[in-house]
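K.L.:
any chance you can model this:
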Amino acid sequence: MADESVTLETGLEGLRSSSAFHGPAEPLDDHEHAHANDHFALIYESQAEQFAAVIPFLRQGLERNERCLYIIHENSKAEIKSAMRADGIDVDAALESGQLSFHDGDETYLRNGTFSADGTVEFLDDAIDAATTEYEALRVTGEMSSVLQADPDCEQLLECEAKANYLFDDADVIVLCQYNRERFPPAVIRDVISTHPLLIHDNRISYNVYYTPPAEFLGSEKSAHEIDRLLGTLRDQTDSKVKRQRRERFLRRSYRITSNSDLAFETKVERLLELGCDWMGLEVAGLTRCPSWDDRFLNEVTIKYGEDESGELWTDPGEGCYCRQAIMADKPVGMADVRGTDWEDDEIYQEYGLTCYLGTKVMDGATPYGTLWLGSREPRDREFSAIERTFLELMGKWVSYEIERKHRKQALEESNERLEQFAYAASHDLQEPLRMVTSYLQLLESRYGDAFDEDGEEFLEFAVDGAERMRAMIDGLLAYSRVETRGDPFEAVDLETVLEDVLADLQLQIDETDAEITAADLPRVEGDRNQLRQVFQNLLENAITYSDGSPPRVRIDANRRRMEWVISIHDNGIGIEPDDQERIFSVFDRLHSRDEYEGTGIGLALCRRIVERHDGEIWVDSTPGEGSTFSFTLPAVDEA
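P.N.:
Numbers count the residues shown, from 1 in each chain. A predicted model of the protein is given here:
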């Protein structure tokens, strides 16, 4: 059973719920002509397009306990019933109960053998009376091509539409008129489009900007109405184009501001607020911070908004007003004119005269930070539009992102500084006793070496080797801690020359192992030359070292991936188990004993830290016994 009268919106819901109808079917909302009549026009070119709209229209009517009437001409009853059954409609039950019926043109449009507007309206009037005594409403759809047998002119058809509209205004009825574009003359289709507020065509619904009520279309002042309609359409299109152009200019200018790396964050915020004020016709704006939930708001950035004697401006809006409401709301809060509302009693209005306000929440990660707001001391003559609210919300999200990024960067810099301080202190504090241990071991060896038996000499050798490894680990830890703080500024780096230097340093090891290292053409990247040299050296040393006794074969490739390069180093070494392929990048985490392979266990961890400083990533693909491929990404040089 239906709980409400049948309307245009009801018909739209039927189309939205249909899997057959694939086109847009938006809600009416502010559609200017929604009140005109409950009357659709379907313009189609194929049976599939026709049934995609008609069948869900009928199905919805049957589900709502409405009397459904189908006027047929082009399609047979069998074809229509088959399409309805395919859509899950119990056609036989509907026909048997009388809820659904089929009629031909002779019973409806051509009752006396000729087309008559009065005869058609009489039929519809009788059908309404008969339907509404037993059913919730009447739903009619008709294949209008049946009227072509009588060869009516356009004015006769539109006269029928006009009279039907008056009938529908006072009745619970909805009608879908079907016009086959292949059968009706273009002039008729044009006039049908002109006189229907809502058109179904090409599997979509259009709200008709060219709509003229049939009574006006046929009236004595038809030309004047048509001129008004055409000028009105031009005016609306021009206004819409101007608004779109202003929005596009706003977006371009916003992007130029936020993407300008030479501007400080506060300057960017100021310019964004100035831009927002200019676009929305407002005069004041600000970025506030609320240090704690119940605290006052500090205006960190202001546009044409005063400061107190300390050079700061603290404000304390009441609950549900201004920034206090904006920081608690999920969407922007706007008030075009606070006068006559609770906001009128608030401190912000009483002291600063802020009569118009639009604000949105600013976050620092998951923590509320404050608000971004615009306003005016004069009331606004219109409410804030959805587009204006969306733009401010997007500005707020950008500010939130920048604040979070700034604080994360500060936290990372502080963490790196503490790490370097710790590593330096640790290395300094450990180096001194280590030097003493090493010195005394050397003294023992020089003075009493002859007194040691074979075991004693071996123990002394172990102690010296342990001290040397401890020194190498301390040096590695110090290098690891200084990647962020002691690196050089980024510049264009030619990886070809970096590789040449590394191969020169490794030449002795290459000769001893009979290693063969080949490389594709390597690109120029943005980075720290010395650190990138360290990455290549560590990875190539590993490729040579973990070769399982056979001559190492190493290949270096480079592939462009959008704004970065992927550098890959392939080897024919021992490979790495899948479970260990992430673990190898941890500090001091070794997969092999020092008897098998030497090393501190910090080389790959250092590579990852360097690559991450370059906003890249590093990973390994490996099969045990078949070699490994270490890949890492680096930012490409902008050659423009």
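K.L.:
what about the longest helix in the chain?
P.N.:
helix 386-448 (DSSP state H).
K.L.:
show me how far that helix is from its chain's centre.
P.N.:
How far helix 386-448 lies from its chain's middle: 34 Å, per Cα atoms, centre = their mean, to the nearest Å.
K.L.:
same thing with stretch 376-392?
P.N.:
Counting by Cα atoms, centre = their mean, stretch 376-392 is centred 24 Å from the centre of its parent chain.
K.L.:
before we move on, what about stretch 49-66?
P.N.:
36 Å.
K.L.:
what does stretch 241-249 give?
P.N.:
On Cα atoms, centre = their mean, the centre of stretch 241-249 falls 22 Å from that of its chain.
K.L.:
how far away is the residue positioned nearest the centre of the chain from Ala543?
P.N.:
With distances taken as Cα atoms, centre = their mean, Leu394 lies nearest the centre of the chain, 11.5 Å away. Taking Cβ to Cβ, to the nearest Å as the measure, Leu394 falls 48 Å from Ala543. For every residue, glycine as well, the C-beta is placed using N, CA and C.
K.L.:
okay, now Glu612: neighbour count?
P.N.:
By other Cβ atoms under 10 Å, the residues close to Glu612 number 14.
K.L.:
ok so it is a strand residue?
P.N.:
No. The assignment for Glu612, made by DSSP: H, G, I helix; E, B strand; the rest coil, is helix rather than a strand.
K.L.:
would you map the helices across the stretch 501-640 of the chain?
P.N.:
Here the stretch 501-640 of the chain has its helices, by DSSP state H, counting those that start in this stretch, at 507-513, 529-545, 603-613.
K.L.:
which positions in the shortest one come out as buried?
P.N.:
Neighbour counts using 16 or more other Cβ atoms under 10 Å place 510, 513 of helix 507-513 among the buried residues.
K.L.:
with stretch 69-88 instead?
P.N.:
Buried residues in stretch 69-88 (16+ other Cβ under 10 Å): 69-73, 75, 80-81, 83-84.
K.L.:
ok, so of those, who is nearest Pro624?
P.N.:
Closest to Pro624 out of these is Ala83 (62.4 Å), distances taken as Cβ to Cβ.
K.L.:
count the residues that sit near the residue lying closest to that closest one once chain neighbours are set aside.
P.N.:
Spatial nearest neighbour of Ala83, chain neighbours left out: Phe51 (4.8 Å); criterion: Cβ to Cβ, 6 or more residues apart in numbering. Per other Cβ under 10 Å, the neighbour tally for Phe51 reads 22.
K.L.:
ok, so what distance separates Phe51 from Pro197?
P.N.:
On the measure of Cβ to Cβ, Phe51 and Pro197 end up 23 Å apart.
K.L.:
need phi/psi at the residue nearest to Ala83.
P.N.:
The phi and psi values for Phe51, taken as degrees, to the nearest 10, are phi -70, psi -30.
K.L.:
hmm, it is touching Arg85, no?
P.N.:
No. Counting by Cβ atoms under 8 Å, Phe51 stays clear of Arg85, with 12.0 Å between them.
K.L.:
what touches both of the two?
P.N.:
The contact sets of Phe51 and Arg85 do not overlap (Cβ atoms under 8 Å, 6 or more residues apart in numbering).
K.L.:
neighbours of Glu458, how many?
P.N.:
So Glu458, with other Cβ under 10 Å, has 11 neighbours.
K.L.:
following element in sequence after the helix or strand harbouring it, please.
P.N.:
Assigned by DSSP states H and E, Glu458 belongs to helix 454-481. Using DSSP H and E, the helix or strand that follows helix 454-481 towards the C-terminus is strand 491-494.
K.L.:
for that next one, packing partners?
P.N.:
The helices and strands touching strand 491-494, judged by 3 or more Cβ pairs under 8 Å, 6 or more residues apart in numbering; DSSP states H and E, are strand 524-527, helix 529-545.
K.L.:
would you list the phi and psi of Gly359?
P.N.:
phi -140, psi 150.
K.L.:
contact partners for it?
P.N.:
By Cβ under 8 Å, 6+ apart, the contact set of Gly359 is 322-323, 325-326, 332-334, 371-375, 392.
K.L.:
check the gap between it and Glu66 for me.
P.N.:
The separation that Gly359 has from Glu66, given Cβ to Cβ, amounts to 48 Å.
K.L.:
same thing with His614?
P.N.:
From His614 to Glu66 the distance is 68 Å (Cβ to Cβ).
K.L.:
neighbour count winner among the two?
P.N.:
Glu66 (26 against 22).
K.L.:
thinking that one is in contact with Thr141, fair?
P.N.:
No. Glu66 is beyond contact range of Thr141, at 11.7 Å (criterion: Cβ under 8 Å).
K.L.:
closest one to Ala131 out of the contacts of Gly359, please.
P.N.:
Ranked by distance to Ala131 (Cβ to Cβ), those are led by Gly334 at 46.9 Å.
K.L.:
circling back: and the buried residues of stretch 69-88, which is closest to Tyr401?
P.N.:
Looking across these and measuring by Cβ to Cβ, the closest to Tyr401 is Ala83, at 52.4 Å.
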